[in-house]
Structures are given as structure tokens and as C-alpha cells.
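Student: Just need the structure, nothing else, for what follows:
(one chain, ligands or ions: 1)
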Amino acid sequence: MPSIMITGASSGIGKALAFELAKRGYSLALTARSGDRLEQIRKDIVFIHNPPAVAVRSLDVTDYDDVFKAVNEMARELGGLDIVFANAGIGLGERVGRGDFEKIRRTVQVNLMGAMATVDAAAAYFLEKGKGHIVGTSSVAAFRGMPRNSAYSASKAGFAVYLETVRVELLRKNIHVTVLYPGYIDTPLNQMLKRRPFLISPEKGAGIIAQLIEKKVKSSTVPVYPWNIVGRLMKMAPASLVARM
Ligand SMILES: NC(=O)c1ccc[n+]([C@@H]2O[C@H](COP(=O)([O-])OP(=O)(O)OC[C@H]3O[C@@H](n4cnc5c(N)ncnc54)[C@H](OP(=O)(O)O)[C@@H]3O)[C@@H](O)[C@H]2O)c1
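Tutor: Residues are numbered from 1 along each chain as shown. Okay, the predicted model is just below:
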């Protein structure tokens, strides 16, 4: 069975995906800043699903040098990695021109720079290995910038375009690239929002993501429907409607 490294595995989507893939027999390398939470998750996964291997490691994706070390360490510990999932992310609810620039800087550092470092480290490892699969979490906010989430939307749009470029650059290198565009999944990231249309549980999201990864799709919304249609409509919606979202 394949082995996967997941960033942001201590909560939400990353954590739920770890349980889902453990159930499917994957070997797991789980990273996040919170080593304690990862250790508890490791114990729970081993107790419930007992997959071939579960390695955990503290990693702040804004410590860019450490991201490269972590990919190589996790690969050594699991005897090789087949998939790297750049999933770690934050949503701080930043506003424009209201003294939120620190939130904006942090959002870009984690969601864009940290994610790009993860992908770059994965690509270096997979190029050497001669094959691999890179998966990254964008968002439906990449389709149309959301008010009070300007830097978040920009970071997710930037990361999606980056991943599309990585796919082209690595064409014929036997490295697949999957870009995920989740809608609203019930995690701490968005629990403060008043409206979360088409909300699904992390477990449901993880099941869908596992299928998309196994099919090696190039890109997909999560869930596929209705966001594949809503995403297109979002691009056409007038600014007055988006302002109310
Ligand atoms: N939930 C949604 O509806 C939704 C929709 C679209 C896209 N997404 C994206 O999905 C991804 C996962 O989000 P989630 O909803 O599962 O949120 P979450 O429950 O808040 O989980 C975020 C994860 O990222 C980790 N993280 C945060 N900052 C980090 C850093 N500097 N370095 C390393 N890890 C860091 C957190 O762990 P530590 O705090 O322990 O580091 C945590 O494991 C994010 O990229 C998010 O933007 C979510």
C-alpha cells in the first residue's frame, strides 16, 4: 500500500484524512506544529486501524529549511514516500485597510510560501526517486475572492496556479499533481463563520479526498457537486452579491 506525508495533520481535514487512509492500509507520515496532538492521533490511529506505519514529526511549514529536512526524514522513516499532501493552512479573517497587515503576511507565509516549500521539497524527492504524487489544498475561495478573506483567497489562488505550473514543469517525469478545491468542511478553520453553505463533515471530506487521490485526478472541488457548478457561478457573480457572502 502507498505511503503519504500530510502537513497540517493535527486537526480538521488532515487529521480526518489520516484516519481514512489508515483504514485503507496506507503508511502515514503526519506533521503539524503541535507534536502532542500528533502523538495522540498516532496512538488513536494505531489503536483503531493499525496501519503498517505511522510516523509523526513537529513541523512549522514557515520554517522553510525544516520542510525540506522533514520530507527526507519522513521518507527515510517510512522506507519511502509515494504521496506528499501540502494541506497545512490558516484562515484569519483579515480585512483590507483596517490594520490587519500582520494577518495578511502570516496567511501568505503559511498558505502560499509554506505550501510551496512543501511542494518544492516533495518535487525534489520525487525527481530523485523517479515517481510520485503531489497533492495540494487550495479552496473554492480561489475561484472568487471572498470579502474579509482577501489574503486567504489570494494565497489559495496563488497556490492553485503554482500547482498547475508544477504539473506542466514535471510533465513526463512520472509525477502526478492533484489540486483540491474544498468548499465548506466543518473544521476549526471556519467554525466562526455565520454562513457555511453545503457544509460537510471532515470525515465525509476525507472520504472524497481519498477517492480523488486514488484516482490521481488533476483537480477537483470537494465535494465535487455542487461546488463544480457553484464555483463557475461564483466567477460570474456581481460584486454586490459577493459582498454579502
Ligand atoms: N475547512 C474548510 O472548509 C476548508 C475549505 C477550503 C480549504 N481548506 C484548507 O484545508 C486545509 C486544512 O484546513 P482545515 O479546515 O483542516 O483547518 P484546521 O482544522 O484549522 O487545520 C489546519 C492544520 O494546519 C496546521 N497548521 C497551521 N499552521 C501551520 C504551520 N505554520 N505549519 C504547519 N502546520 C500548520 C494545523 O496544525 P498546528 O496548529 O498543530 O500546526 C492544523 O493541523 C487548509 O489549507 C485550509 O485552508 C479548508
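Student: interface residues of the chain facing the ligand?
Tutor: Residues of the chain found near the ligand (C-beta under 6 Å from any ligand atom) are 7-14, 32-34, 37, 59-62, 87-91, 110, 114, 137, 139, 182, 184-185, 187-190. Backbone N, C-alpha and C define where each C-beta goes, glycine included.
Student: At the geometric centre of this structure, which residue do we find?
Tutor: residue 87 (2.0 Å; C-alpha atoms, centre = their mean).
Student: check contacts around it.
Tutor: By C-beta atoms under 8 Å, 6 or more residues apart in numbering, the residues touching residue 87 are 6-9, 13-14, 17, 135-137.
Student: from these, which is closest to residue 201?
Tutor: residue 13 (10.5 Å; C-beta to C-beta).
Student: longest strand in the protein, by residue count?
Tutor: Taking DSSP state E as the criterion, the chain has its longest strand at strand 175-182.
Student: elements contacting that strand?
Tutor: Of the remaining helices and strands, those touching strand 175-182 by 3 or more C-beta pairs under 8 Å, 6 or more residues apart in numbering; DSSP states H and E are helix 115-129, strand 132-137, helix 150-169, helix 202-214, strand 219-222.
Student: just to revisit the earlier point, just the buried members of the residues of the chain next to the ligand?
Tutor: 7-14, 32, 37, 59-61, 87-89, 91, 110, 114, 137, 139, 182, 184-185, 187, 189 (16 or more other C-beta atoms under 10 Å).
Student: quick revisit: so what are the sheet partners of the longest strand of the chain and their directions?
Tutor: strand 132-137 (parallel), strand 219-222 (parallel) (DSSP bridges).
Student: wait, doesn't residue 24 sit right on residue 210?
Tutor: Yes - under the criterion of C-beta atoms under 8 Å, residue 24 makes contact with residue 210 at 6.5 Å.
Student: Mind checking which of those two has more residues around it?
Tutor: residue 210 (18 against 12; other C-beta atoms under 10 Å).
Student: Skipping adjacent residues, who's closest to the more buried one in space?
Tutor: residue 20 (4.9 Å; C-beta to C-beta, 6 or more residues apart in numbering).
Student: Give me the average confidence score over the helix or strand where that neighbour lies.
Tutor: Using DSSP states H and E, the element containing residue 20 is helix 12-23. Helix 12-23 shows a mean pLDDT of 98 in the predicted model.
Student: Tell me what angle the helix or strand that comes right after that helix forms with helix 12-23.
Tutor: The helix or strand immediately downstream of helix 12-23 is strand 27-32, counting by DSSP H and E. Interaxial angle, strand 27-32 versus helix 12-23 (axes from the mean of the first three to the mean of the last three C-alpha atoms, to 10 degrees): 160 degrees.
Student: and the helix or strand just after strand 27-32, how far from the chain's centre?
Tutor: Counting by DSSP H and E, the next helix or strand C-terminal to strand 27-32 is helix 35-48. Averaging C-alpha positions (C-alpha atoms, centre = their mean, to the nearest Å) puts helix 35-48 20 Å from its chain's average.
Student: From the contact counts, what lies against helix 35-48?
Tutor: Here helix 35-48 touches helix 12-23, strand 27-32, strand 54-58, going by 3+ C-beta pairs under 8 Å, 6+ apart.
Student: Could you list the alpha-carbon positions for stretch 120-129 in CSV?
Tutor: This file holds the C-alpha atoms of stretch 120-129, laid out as CSV (Å, rounded to 0.1, in the frame of the first residue of the first chain):
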residue,chain,number,x,y,z
ASP,A,120,9.3,22.0,-3.8
ALA,A,121,10.7,19.6,-1.2
ALA,A,122,8.3,16.9,-2.5
ALA,A,123,9.3,17.5,-6.1
ALA,A,124,13.0,17.3,-5.3
TYR,A,125,12.4,14.0,-3.5
PHE,A,126,10.2,12.6,-6.3
LEU,A,127,12.5,13.7,-9.1
GLU,A,128,15.3,11.7,-7.4
LYS,A,129,13.0,8.7,-6.9
